[in-house]
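Asks: next comes the sequence, and after it the predicted model I'd like to discuss.
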Amino acid sequence: MKVLVTDNVAQEGIDVLLREGVGVEVRNKLTEDELCAVISEFDGIIVRSATRVTARVMESAPNLKVVGRAGVGVDNIDVSTATERGIIVVNAPDGNTMAATEHTMALMLSLARNLPQADARLKSGVWDKKAFVGVELRNKCLGILGLGRIGSGVARRAHAMEMDVVAYDPYITEERARDLGVTLLPLEEVFRKADFITVHMPLTKENYHLLDDDAFAKMKDGVRIINCARGGIVDEEALYRALVSGKVAGAALDVFEKEPQTESPLFSLPNFICTPHLGASTREAQVSVAVDVAEEVIAALRGELVKNAVNIPSLKPDILKEIGPYLGLAEKLGRFHAQLLAGRLKRIEVTYSGELARFRQIDPLTTALVKGLLDTILQERVNYVNAPVIARNRGIEISQTRVDRVEDYVGLLTVKAASSEGEHELAGTLFRGNDPRVVFIDGYRVDAVTEGHMLIIPHIDRPRIIGAVGTLIGQHDVNIAAMQVGRKVIGGRAVMVLMIDSPVPPETLEAIRRVDGILDVRMVSL
Ligand SMILES: NC(=O)C1=CN([C@@H]2O[C@H](COP(=O)(O)OP(=O)(O)OC[C@H]3O[C@@H](n4cnc5c(N)ncnc54)[C@H](O)[C@@H]3O)[C@@H](O)[C@H]2O)C=CC1
Ligand SMILES: O=C(O)C(=O)COP(=O)(O)O
């Protein structure tokens with residue numbers, strides 16, 4: 001077995017590979033072309049954030065079985081292509097938490113007291129006390145965006161600095177926040193209250209440029225911004241404008257949308273400080289992530305259980321054969337729920353009926369479901385191995401029941417999910433053993449494929465509702481591919497399911513919601 005190691009991974013990790021008899025080649029700073037040219041002879045590759053493991057790289061790698069990330073973020077790895085090609089992606093999520101936490105505190109203090117600017121001025125021979133009057137952290141409000149491993153560590157340390165800590169993280173429970181002494185608030189309230197805002201979430205499609213012109217406009221005058229998570233979450237051009245106008249008093253970035261970044265306009269601003277993606281760069285963290293990822297890569301190459309697989313379930317082949325066809329359905333039902341439910345998720349109850357009740361192992365199906373649910377947002381780290389742990393840490397109760405008998409279906413997977421705002425129940429089955437369908441939504445019988453976009457519209461069963469909805473959607477040039485209405489009694493509550501060829505804009509959803517007799521509208525993309 002041979003593993004290619006790039007991006008200055010600590011020697012201690014390389015030693016682990018060598019001790020286990022794995023061949024290692026270290027090649028730093030490879031371009032994509034160079035990587036494509038050499039990758040074919042390797043069974044594994046270990047990277048940090050600088051090497052991009054793209055679809056093209058993987059296509060040039062017929063022997064590649066595992067990609068190891070000596071760190072947390074896997075946004076430089078094309079995980080979906082890896083999954084399609086059966087390549088396991090593993091990361092080392094815990095080893096650099098402290099390093100990034102402490103770096104965030106260092107950035108916050110540096111920002112408050114102008115350390116880098118004062119240091120540079122003094123070294124240029126000027127003793128200037130007046131120019132660098134700072135602010136104290138004590139009694140200031142810190143807004144944490146993303147209260148995960150690093151966000152929690154920052155919260156604890158901010159308390160020691162006597163700061164008031166609020167956070168925005170829609171995926172953790174009130175209990176977890178309370179244990180940390182943090183008040184969870186909607187994003188806009190964090191914007192309104194915070195004197196310092198620090199970002200600690202993964203970059204996803206949803207939060208790209210979360211901090212943009214609009215966001216800065218909603219913040220307190222003189223707010224200070226820190227990003228030690230991922231470039232791209234802060235819109236750097238908008239930040240530049242906000243720093244120039246003084247709306248934002250200061251900002252500290254460790255990460256940039258384009259890296260390496262050596263010539264940003266931000267660099268010319270006196271109230272901007274930065275580091276070159278140093279969050280994880282402590283001796284301790286680098287040893288820890290290198291050793292952890294090396295052990296995981298070895299396990300993956302040997303076909304053993306991997307703890308931190310980002311993409312692949314570890315299942316025995318005979319169990320996989322039995323439950324495999326239902327795994328996709330379970331994950332899709334999770335995704336469906338994630339988009340249907342509003343509020344903070346509290347409970348998931350899964351009922352396995354018919355043939356499903358007789359399967360030897362059903363836990364992986366529940367895990368796939370929970371993964372689908374959490375993964376809609378936490379795509380970078382929710383995997384089949386850690387999904388139950390993440391759910392547990394977030395205080396989400398999960399129960400599973402087997403029921404032998406079921407009418408009409410060979411196997412039925414029913415999932416009830418409850419949040420602080422209410423609950424929904426979905427049930428799905430496989431038609432002809434391989435065609436996943438959603439067959440019940442909140443007790444109404446439907447038949448929805450688990451692909452593409454759909455609108456779920458609970459309403460009162462009365463004339464002029466379906467037509468009104470169709471007209472509104474048609475006005476926006478969205479084609480309706482299929483429509484079904486499930487109802488229990490004439491004139492009572494009903495649910496409309498519209499399969500649509502493209503997403504509907506938010507204004508149209510609002511317009512539909514305003515139609516008399518419509519109770520709600522949710523867009524679900526699977
Ligand atoms: N600068 C550096 O060198 C380092 C950067 N990082 C980055 O820091 C970030 C956080 O890492 P961890 O704390 O280990 O991850 P984590 O997964 O433990 O925490 C992320 C938190 O963000 C929340 N979240 C996800 N999407 C969100 C959204 N749209 N809005 C609000 N909250 C959201 C999640 O619920 C979770 O609690 C990651 O992007 C990671 O790649 C991590 C280590 C070093
Ligand atoms: O672990 C992470 O997510 C990081 O951002 C650390 O990046 P690095 O390994 O220092 O290139």
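Replies: That came in fine, so what should we check first? Ligands and ions are numbered 1, 2, ... in the order given.

Asks: what does the stretch 1-150 of the chain put close to ligand 1?
Replies: Counting by Cβ under 6 Å from any ligand atom, the stretch 1-150 of the chain comes close to ligand 1 at 71-73, 93, 96-97, 100, 145-150. Bear in mind the C-beta positions are built from the backbone N, C-alpha and C, glycine included.

Asks: dump those into JSON lines; add secondary structure and distance to residue 323 as well.
Replies: Shown next, in JSON lines, are these (DSSP: H, G, I helix; E, B strand; the rest coil; distance: Cβ to Cβ, whole Å):
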{"residue": "71", "secondary structure": "coil", "distance to residue 323": "32"}
{"residue": "72", "secondary structure": "coil", "distance to residue 323": "30"}
{"residue": "73", "secondary structure": "coil", "distance to residue 323": "31"}
{"residue": "93", "secondary structure": "coil", "distance to residue 323": "27"}
{"residue": "96", "secondary structure": "coil", "distance to residue 323": "35"}
{"residue": "97", "secondary structure": "helix", "distance to residue 323": "34"}
{"residue": "100", "secondary structure": "helix", "distance to residue 323": "37"}
{"residue": "145", "secondary structure": "strand", "distance to residue 323": "37"}
{"residue": "146", "secondary structure": "coil", "distance to residue 323": "33"}
{"residue": "147", "secondary structure": "coil", "distance to residue 323": "34"}
{"residue": "148", "secondary structure": "coil", "distance to residue 323": "30"}
{"residue": "149", "secondary structure": "helix", "distance to residue 323": "31"}
{"residue": "150", "secondary structure": "helix", "distance to residue 323": "35"}
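
Asks: out of these, which are buried?
Replies: Among those, those buried by neighbour count (16 or more other Cβ atoms under 10 Å) are 71-73, 93, 96-97, 100, 145-150.

Asks: overlap between those residues and the residues near ligand 2?
Replies: Restricting those to those touching ligand 2 (Cβ under 6 Å from any ligand atom) yields 71-73, 96.

Asks: ok, those residues vs residue 394, which is closest?
Replies: Comparing those against residue 394 with Cβ to Cβ places residue 72 closest, at 17.8 Å.

Asks: quick one, what contacts residue 388?
Replies: 366-367, 370, 398 (Cβ atoms under 8 Å, 6 or more residues apart in numbering).

Asks: now the stretch 201-350 of the chain against ligand 2: closest residue?
Replies: Proximity to ligand 2, evaluated over the stretch 201-350 of the chain using Cβ to the nearest ligand atom, is greatest for residue 280 at 3.6 Å.

Asks: which bits of the protein sit near ligand 1?
Replies: By the rule Cβ under 6 Å from any ligand atom, the part of the chain lying against ligand 1 is 71-73, 93, 96-97, 100, 145-151, 168-172, 200-202, 206-207, 228-230, 254-255, 277, 279-280, 377-378, 381.

Asks: could you grab the helix/strand/coil label for residue 474?
Replies: Recorded secondary structure, residue 474: helix (DSSP: H, G, I helix; E, B strand; the rest coil).

Asks: okay, the ones next to ligand 2 among the buried ones among the residues of the stretch 1-150 of the chain next to ligand 1 in TSV with pLDDT next?
Replies: As requested, these are exported to TSV (pLDDT from 0 to 100):
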residue	pLDDT
71	97
72	96
73	95
96	98
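
Asks: which of these sits closest to ligand 1?
Replies: Ranked by distance to ligand 1 (Cβ to the nearest ligand atom), these are led by residue 73 at 2.9 Å.

Asks: ok, now how distant is the closest one from residue 376?
Replies: 18 Å (Cβ to Cβ, to the nearest Å).

Asks: remind me, longest helix of this structure?
Replies: Secondary structure of the chain per DSSP state H: the longest helix is helix 317-340.

Asks: okay, the helix or strand just after that one in CSV with CA atoms only?
Replies: Past helix 317-340, further along toward the C-terminus, the next helix or strand under DSSP states H and E is strand 345-354. Extracted in CSV, the C-alpha atoms of strand 345-354 (Å, rounded to 0.1, in the frame of the first residue of the first chain):
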residue,chain,number,x,y,z
LEU,A,345,-35.5,19.4,16.3
LYS,A,346,-36.3,17.4,19.5
ARG,A,347,-37.4,13.9,18.7
ILE,A,348,-37.4,11.3,15.8
GLU,A,349,-39.5,8.2,16.1
VAL,A,350,-39.0,5.6,13.4
THR,A,351,-41.3,2.6,12.9
TYR,A,352,-40.2,-0.3,10.8
SER,A,353,-43.1,-2.3,9.5
GLY,A,354,-43.6,-5.4,7.3
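
Asks: may I have the secondary structure class of the closest residue to residue 6 other than its chain neighbours?
Replies: Nearest in space to residue 6, with sequence neighbours left out and distances taken as Cβ to Cβ, 6 or more residues apart in numbering, is residue 51 at 4.5 Å. Following three-state DSSP, residue 51 is assigned to coil.
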